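Q: Have a look; sequence and predicted model below, questions after that.
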Amino acid sequence: MTGETSQPPTAWRYCGNQIKLWRTQAGISREELGKEAGYEYESVKSMEQGRRRPTVRLLEVADEMCGARGLLLAARDYLQPERVLSHTQDYMQYEAEAIAYSGYHPLLIPGLLQTEQTMRALFNCHWPPVDDETVEQRVAQRQERQLKLATPTKTFDFIIGESAVRNTLDDRASHKRQLRHLLEVSERRNVTILVMPTEGAHPGLNGSLVLLETPEHERLAYEEAQRTKTLYADPQRVSTASKTYALIAARSLRTEESVRFIAKVAEEI
C-alpha cells in the first residue's frame, strides 16, 4: 500500500457538510449536538469535516434537533460501504476508523508494523521511481497510520509469511531491528502476530488479504495484486475472504511458536 495520500470519500464530506449547514441554520452548537448524540466536540467536528464517517446516530439526532424531517437521515444509505471499491484511498479511510484489523501478508512485513528503515527500503525500490520528497511524505504518512496500534480498544491480528520474516531486503542490521520491533509490538494486548511457514499448499498462496470491521460492525475485505487493489463489502465475498483467512490462520504457527520463530531468525541474522 504505497499511495497513502488520500482525501476522505466524497459521501463523507458531503454528508458532514450537510449536518453542519442544518445545525448552523437551526442555531445549534457542536457541543449541544454532541451532548445529545453522545459524542465529544472533536468527534462531531471530524464528522462534519468528513475526516470521519458520520454515524447513523449523529444523523438521527441532528435530523430531529434541526427539524430536517428525514432529509439528513436519508443520507445513511449513501454512507454504507460500496460493494466494490477499487481505490487505495478508500481502504485507508476505512482502516483508520476500523475497530478490528486482520491481515495476511505473505511477502512483506505489513506497513503497520514496519520500521522506518524497512519503509525506506521498500519506497526506494518502488517502480516507477519516486522523488525524495515523495519518499519522505510516504514515510511520514505510514508512521502516522501506525499510531492507531496504541489504541487498546482496537484489535490487530497479523499473519506474516516466513518469506517476509527471513527477507533482509538490503540491510541485515536493519532487518534485525525490524524483527525485534515485531517482538516488541507483539507484547501489546491488542496485537497478535503469527507466522505462516513457507512449506505446504494453503489458500494464502493466492496473495495478501486484509479484513476490517467498522465501528458499526460492518465487515470489509481488501486484496492487493501487482497493479490491482480492491476493497469490497459484498457480504458473500467478505464471507469467502473471512473463511479463507481462518484457514490461513489455522495453518500458521501459534502465537508462542511465532514469537520463538521470529526471535530465532533475528538471532541468526
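A: Good, I have the coordinates.
Q: burial measure for the residue lying closest to Leu72 once chain neighbours are set aside, as a count.
A: Nearest residue to Leu72, sequence neighbours excluded (C-beta to C-beta, 6 or more residues apart in numbering): Asp63, at 4.1 Å. To be clear about C-beta, it is placed using only N, CA and C from the backbone, and glycine gets the same treatment. Residues lying near Asp63 (other C-beta atoms under 10 Å) number 20.
Q: What distance do you get for Asp63 to Ala241?
A: In this view, Asp63 and Ala241 are 34 Å apart by C-beta to C-beta, to the nearest Å.
Q: now His181
A: Using C-beta to C-beta, His181 is found at 28 Å from Ala241.
Q: And the two? Which one has more around it.
A: Neighbour count, other C-beta under 10 Å: between His181 and Ala241, Ala241 has more, with 22 against 18.
Q: next structured bit after the strand or helix carrying that one?
A: Take DSSP states H and E as the rule and Ala241 turns out to sit in helix 235-251. In the C-terminal direction, the helix or strand that comes right after helix 235-251 (DSSP H and E) is helix 255-268.
Q: In terms of secondary structure, what does that next one contact?
A: The contact analysis (3 or more C-beta pairs under 8 Å, 6 or more residues apart in numbering; DSSP states H and E) places helix 255-268 against helix 162-166, helix 172-185, strand 191-196.
Q: how far out from the middle of the chain is it?
A: Relative to its chain's centre, helix 255-268 lies at 26 Å (C-alpha atoms, centre = their mean, to the nearest Å).
Q: How about stretch 148-164?
A: Relative to the centre of its chain, stretch 148-164 is centred 10 Å away, using C-alpha atoms, centre = their mean.
Q: So for that stretch, mean pLDDT?
A: Stretch 148-164 carries an average pLDDT of 97.
Q: who touches that stretch?
A: Residues outside stretch 148-164 that contact it (C-beta atoms under 8 Å, 6 or more residues apart in numbering) are 96, 98-110, 112-113, 182, 185, 188-198, 204, 245, 248-249, 252, 261.
Q: now with 6 Å?
A: Stretch 148-164 has contacts (C-beta atoms under 6 Å, 6 or more residues apart in numbering) with 99-110, 190-198, 248, 252.
Q: same deal with stretch 116-133?
A: Residues outside stretch 116-133 that contact it (C-beta under 6 Å, 6+ apart) are Ile109, Val135, Arg138, Val139, Arg142, Leu169, Asp170, Ser174, Gln178.
Q: Mind doing that once more with 8 Å?
A: 2, 108-109, 111, 114, 134-135, 138-139, 142-143, 169-171, 174-175, 177-178.
Q: just the CA coordinates of that stretch, formatted as PDB?
A: What follows is stretch 116-133 as a C-alpha-only set of coordinates in PDB (Å, rounded to 0.1, in the frame of the first residue of the first chain):
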ATOM      1  CA  GLU A 116      11.400   3.500   9.300                       C
ATOM      2  CA  GLN A 117      14.300   1.600   7.700                       C
ATOM      3  CA  THR A 118      12.100  -1.000   6.200                       C
ATOM      4  CA  MET A 119       9.700   1.600   4.800                       C
ATOM      5  CA  ARG A 120      12.600   3.500   3.100                       C
ATOM      6  CA  ALA A 121      14.000   0.300   1.600                       C
ATOM      7  CA  LEU A 122      10.600  -0.500   0.100                       C
ATOM      8  CA  PHE A 123       9.800   3.000  -1.000                       C
ATOM      9  CA  ASN A 124      13.200   3.400  -2.600                       C
ATOM     10  CA  CYS A 125      12.700   0.300  -4.800                       C
ATOM     11  CA  HIS A 126       9.300   1.400  -5.900                       C
ATOM     12  CA  TRP A 127       8.700   1.200  -9.700                       C
ATOM     13  CA  PRO A 128       8.300   3.600 -11.300                       C
ATOM     14  CA  PRO A 129      10.800   5.500  -9.100                       C
ATOM     15  CA  VAL A 130       9.500   8.400  -7.000                       C
ATOM     16  CA  ASP A 131      11.400  11.500  -5.900                       C
ATOM     17  CA  ASP A 132      12.900  12.100  -2.400                       C
ATOM     18  CA  GLU A 133      10.100  14.400  -1.300                       C
END
